[in-house]
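In: Fold the stuff below for me.
(one chain, ligands or ions: 2)
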Amino acid sequence: MNNFEYCNPVNIVFGKGKIARIAELIPAGSKVMMTYGGGSIKKNGVYDQAKEALKGFDVVEFGGIEPNPQYSTLMKAVEIVKKENVTFLLSVGGGSTLDGTKFIAAASKYEGDEPWDILEKGAPVKDALPLADVITLPATGSEMNCLAVVSRKETTEKLAFGSPLVFPKFSIIDPTVTFTLPLRQVANGIADTFVHVIEQYVTHPQNTPLQDRQAEALLLALIDEAPKVFANPEDYDTRANIFWMATQALNGWLNVGTIQCWATHCIGHELTAQLGVDHGRSLALVLPGVWRHQRKEKGEKIVQLGRRVFKIDEPNFDKALDATIAATIKFFQSLGINATKKEYGVTDEIVKAIADLIDSRGVKFGDRRNIGGKEIVEILNLCD
Ligand code: NZQ
Ligand code: ZN
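Out: Ligands and ions are numbered 1, 2, ... in the order given. The predicted structure follows:
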């Protein structure tokens, strides 16, 4: 196991009726910017609950943060933050609103000319406004991590940054707010959660028995709970369980001391940037291609997943590996996700454009850092 430094300071407030706790958790006297997305919170009562809890504060609102939050939109918020002397940010919405708010927090205090450099050039985040959230969609784990992904449609880019300064001060998870989620978003969130665990677990063997067992526990629980939410969408306990799984899947507990593989995410982000594919669906499309391509590098962990999680009782290694890929695709299909390149318009030209872009950035993906433009073409040719 590698050396690590680990700290996750996020205060989780979980359960029915917890949005009201905002009132006590935000420091008294704060000038608050409440950020939100395209309006779902106005339809399901979350906006009203948040406004009620914010009654004692001076509040400015910033709505309209898109799914896959856009840099140009977030920079408008930064302007308002500066003009209005905002001292605290409260994100009320899904992972996109929260990621966007993390970026607003960092960009508002950024001293260089172009805050995009935080994403593109890894410019250090030296200061950030404090932020917190009411998270309304179980998927990203953003409520308990210090990561954010921001898109820029002008340049078809979608890039991530992370900084301990953008850990939420608190995150409120009220599972009842997920009752209004379209089932498509529920499925996307479960696929995202699944792949978050996978990209920390299906690497090369690293002698990390505890992290492996934690990942397997999460996957087993997720596979058990997922069908229940579609069979009975009104069941509170299932909603609560799924939310807690999503939060834990990317809160840093599974990957302490390990080398991770984020190839599926990185390629998926490019498909979203180019074609607007939903994040969860992009992952369901790409993951089987990554595994088919990386059979040698990842074979041992793929088969471990198959035997321990999907209960594949096949002594032959290669057959067990293929059966695990098939079981994974079947799991995505059970969510209603039949991810094909054709459906999303992934043409040879798009594949080439993505490969060229990755090569121009000089980056390599994967736990072995062996996936560049050429390999991305091969991987996407192995999808569906
Ligand atoms: O915008 P509104 O109107 O709020 O509607 C949203 C949006 O249309 C809607 N929604 C959210 N909560 C709802 C709801 N509708 C009804 N009832 C509710 N309770 O759902 C739609 C999707 O929302 P979005 O926030 O985009 O989804 P998600 O939470 O999946 O976030 C996706 C973004 O997170 C990034 C993705 O790349 C993508 O940009 N990720 C962030 C990560 C992180 N910070 O750690 C890791 C992930 O791998 C991921 O990359
Ligand atoms: Zn994800």
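
In: burial count for the closest residue to ligand 1 within the stretch 251-384 of the chain?
Out: Proximity of the stretch 251-384 of the chain to ligand 1 (C-beta to the nearest ligand atom) peaks at H279, 4.1 Å away. C-beta: built from backbone N, CA, C; applies to glycine. Per other C-beta atoms under 10 Å, the neighbour tally for H279 reads 24.

In: And it, how close does it get to P124?
Out: Going from H279 to P124 by C-beta to C-beta, to the nearest Å gives 26 Å.

In: Could you list the residues of the stretch 251-384 of the chain in contact with ligand 1?
Out: 265, 279 (C-beta under 6 Å from any ligand atom).

In: remind me which residues of the stretch 251-384 of the chain are low pLDDT?
Out: Scanning the stretch 251-384 of the chain for pLDDT under 70 picks out nothing.

In: for it, what spans make up the helices?
Out: Secondary structure of the stretch 251-384 of the chain (DSSP state H, counting those that start in this stretch): helices at 263-275, 279-293, 295-308, 317-334, 341-344, 348-361, 373-381.

In: Now do the third one against helix 263-275, angle only.
Out: Between helix 295-308 and helix 263-275, the angle comes out at 110 degrees (axes from the mean of the first three to the mean of the last three C-alpha atoms, to 10 degrees).

In: Looking at this structure, which helix is longest?
Out: helix 209-231 (DSSP state H).

In: what secondary structure does D117 sit in?
Out: Classification of D117 by DSSP: H, G, I helix; E, B strand; the rest coil places it in helix.

In: Skip the chain neighbours and tell me the closest residue to it.
Out: Leaving aside its sequence neighbours, D117 sits nearest to A123 (C-beta to C-beta, 6 or more residues apart in numbering; 3.9 Å).

In: Surely that neighbour and G112 touch.
Out: Yes: between A123 and G112 there is a contact under C-beta atoms under 8 Å: 6.1 Å.

In: more crowded one of the two?
Out: Taking other C-beta under 10 Å, A123 and G112 do not tie; A123 has more neighbours (17 against 11).

In: ok but that one is inside a strand, no?
Out: No: counting by three-state DSSP, A123 falls outside a strand, being coil.

In: For it, give its distance to E52.
Out: A123 sits 39 Å away from E52, going by C-beta to C-beta.

In: quick one, phi psi at L90?
Out: The phi/psi pair for L90 (degrees, to the nearest 10) reads phi -120, psi 110.

In: Run through the bridge partners of it.
Out: Beta bridges link L90 to M34, A132, judged by DSSP bridges.

In: doesn't D133 make contact with it?
Out: Yes: under the criterion of C-beta under 8 Å, L90 makes contact with D133 at 6.8 Å.

In: Now for these two: what residues contact both?
Out: T101 (C-beta atoms under 8 Å, 6 or more residues apart in numbering).

In: Surely K102 is in contact with L165?
Out: No: contact criterion C-beta under 8 Å: K102 and L165 do not qualify, at 9.2 Å.

In: Among these two, which residue is more densely surrounded?
Out: More neighbours surround K102 than the other of K102 and L165, with 33 against 18 (other C-beta under 10 Å).

In: re the thing from before, off-centre distance for the longest helix of the chain?
Out: Counting by C-alpha atoms, centre = their mean, to the nearest Å, helix 209-231 is centred 17 Å from the centre of its parent chain.

In: Could you do stretch 257-275 as well?
Out: On C-alpha atoms, centre = their mean, the centre of stretch 257-275 falls 10 Å from the chain's centre.

In: again with stretch 102-122
Out: Distance of stretch 102-122 from the chain centroid (C-alpha atoms, centre = their mean) equals 20 Å.

In: got the buried residues for it?
Out: By 16 or more other C-beta atoms under 10 Å, the buried positions in stretch 102-122 come out as 102-110, 115-116, 118-119.

In: In CSV, list these along with distance to V195.
Out: Formatted as CSV, these follow (distance: C-beta to C-beta, whole Å):
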residue, distance to V195
K102, 21
F103, 22
I104, 27
A105, 26
A106, 26
A107, 28
S108, 31
K109, 32
Y110, 31
P115, 28
W116, 27
I118, 25
L119, 21
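
In: For L380, give me its contacts.
Out: By C-beta under 8 Å, 6+ apart, the residues touching L380 are 267, 286, 289, 341, 346, 351, 354.
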